[in-house]
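A.B. asks: below: sequence and its predicted model.
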Amino acid sequence: MLNGSGIRIFTGTSHPELAEIICRRLGIQVARAEVTRSGIGETNVRIAESVRGDDVYIINTGCGAVNTSLMELCIMIHACKIASAKRITAVVPLFPYARQDKKDKSRAPITAKLVANMLQKSGCDHLITMDLHASQIQGFFDVPVDNLTEIVQLYAEPSLILYIRSKFDLSNVVIVSPDAGGAKRATSMADRLGANEVSRMVLVGQVKGKVAVLVDDMADTCGTLCLAAQHLAEAGVEKSYAMVTHGILSGNALEAVEKSGLEKLIVTNTLPQQENQARCKKIEVIDIGPVLGEVIRRSHYGESISKLFNEVPY
């Protein structure tokens, strides 16, 4: 709990529900800000209370109209900066453009680096995010002497592991990576659970009669997850579940999940999921608001947050 003195938590329009959850955890109110659109689509921001000398946290995530959310965040950071906030932290559970993290073809941009530059130039001192698609994005933030920008990458893994422990018989669970890129994540979770692991789909012969849990950092169109569930069913698994941090669920993803062999698709609320749950009964949501709230509390008081990389706060 916070006493509210010296701290302000603002939210953009991308995920106000998460900001409410975080503030309830901390025992404070969401700070007042007006975010509107002009007739030509420009974002207008007015910070409706004093932030002079305060520790400011701005919550906005990379979902929906991503470009609008990103501009909102940058403008709100800038508004607080010129209003003399002591420190400004951007809380961005899903980092925008995280999948554009490398130059994979001729003349291709590294847009994740551009986003990092935008946040720094706006006046951001500190970034809190969760399960970056590529860890090298942490290196995209420069740390010159006169601008001590820090980045904290949290992990949803402790929350997902707590869910698995509470819902499944671990002796009958196998952790599966839907592709080679997620093998490291699957290995880490399997080790912590004491479960078996299938790191590549060519090894599906080991899963007969088991409950398979597919793990990944994000689910967009869900094509890979649904195909993996089909392969697992053909290999004789009893049931298949999928657990991902960021449930983007674009295009026909919900229909694909509904028709797939997955029992459930478990996602966190780094993105709003109410509409997705209403449209697909297989969607289940894990609340990571308490984790973000505890990180903000510890950051505000200068406490270590490394414990939260492995444990879920109570």
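C.D. replies: Structure's in. What do you need? Numbers count the residues shown, from 1 in each chain.

A.B. asks: ok, residues contacting stretch 20-36?
C.D. replies: Stretch 20-36 has contacts (C-beta atoms under 8 Å, 6 or more residues apart in numbering) with 1-2, 4, 7-13, 16, 19, 43-49, 51, 59, 72, 76, 91, 269, 287, 289-290, 292-294, 296-297. Heads up, the C-betas are built off the backbone N, CA and C, glycines and all.

A.B. asks: got the buried residues for it?
C.D. replies: Within stretch 20-36, the residues that count as buried by 16 or more other C-beta atoms under 10 Å are 20-23, 25-26, 28, 30-31, 33, 35.

A.B. asks: those: which two are farthest apart?
C.D. replies: In these, the most distant members under the criterion C-beta to C-beta are R25 and V35, with 22.8 Å between them.

A.B. asks: follow-up on the earlier one: in strands, which of the buried residues of stretch 20-36 fall?
C.D. replies: 33, 35 (DSSP state E).

A.B. asks: backbone dihedrals for A79, please?
C.D. replies: With angles defined as degrees, to the nearest 10, A79 sits at phi -60, psi -40.

A.B. asks: domain assignment for this structure?
C.D. replies: With domains defined by automatic domain parsing, the chain comprises 7-155+289-309, 157-286.

A.B. asks: can you give me the mean pLDDT across the longest one?
C.D. replies: Think domain 7-155+289-309. Mean per-residue pLDDT for domain 7-155+289-309: 90.

A.B. asks: and the helices in the stretch 201-314 of the chain?
C.D. replies: 223-234, 253-259, 274-279, 289-301 (DSSP state H, counting those that start in this stretch).

A.B. asks: and V30, how far from D191?
C.D. replies: The spacing between V30 and D191, counted by C-beta to C-beta, to the nearest Å, is 39 Å.

A.B. asks: again with S177
C.D. replies: With distances taken as C-beta to C-beta, S177 is found 13 Å from D191.

A.B. asks: show me where the protein has its strands.
C.D. replies: Going by DSSP E, the chain shows strands at 7-11, 33-37, 43-47, 55-59, 87-92, 126-130, 150-154, 173-176, 196-198, 211-219, 239-247, 262-268, 283-286.

A.B. asks: tell me which of those strands sits nearest to L254.
C.D. replies: Per C-beta to C-beta, nearest to L254 of the strands of the chain: strand 283-286, 7.7 Å.

A.B. asks: check contacts around C63.
C.D. replies: If a contact means C-beta under 8 Å, 6+ apart, then C63 has 14-15, 69, 94, 248, 271-272 as its contacts.

A.B. asks: any idea which of those is the one closest to S304?
C.D. replies: For the contacts of C63, the nearest to S304 is L94 (24.7 Å; C-beta to C-beta).

A.B. asks: what's around that closest one, how many residues?
C.D. replies: By other C-beta atoms under 10 Å, the residues close to L94 number 27.

A.B. asks: for it, which non-adjacent residue is closest in space?
C.D. replies: Spatially, and ignoring its direct neighbours in sequence, L94 is nearest to G62 (4.4 Å; C-beta to C-beta, 6 or more residues apart in numbering).

A.B. asks: could you check how far the residue nearest to A190 when sequence neighbours are not counted is from L132?
C.D. replies: Leaving aside its sequence neighbours, A190 sits nearest to E197 (C-beta to C-beta, 6+ apart; 3.6 Å). Distance, E197 to L132, using C-beta to C-beta: 22 Å.

A.B. asks: of the helices of the stretch 201-314 of the chain, which is nearest A85?
C.D. replies: Counting by C-beta to C-beta, A85 lies closest to helix 289-301 out of the helices of the stretch 201-314 of the chain; the figure is 13.0 Å.

A.B. asks: restricted to buried residues, select the contacts of stretch 20-36 in ChimeraX.
C.D. replies: Selecting only the buried members of those in ChimeraX, with burial defined as 16+ other C-beta under 10 Å, works like this:
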select :2,7,8,9,10,11,12,19,43,45,47,51,59,72,76,91,269,289,290,292,293,294,296,297
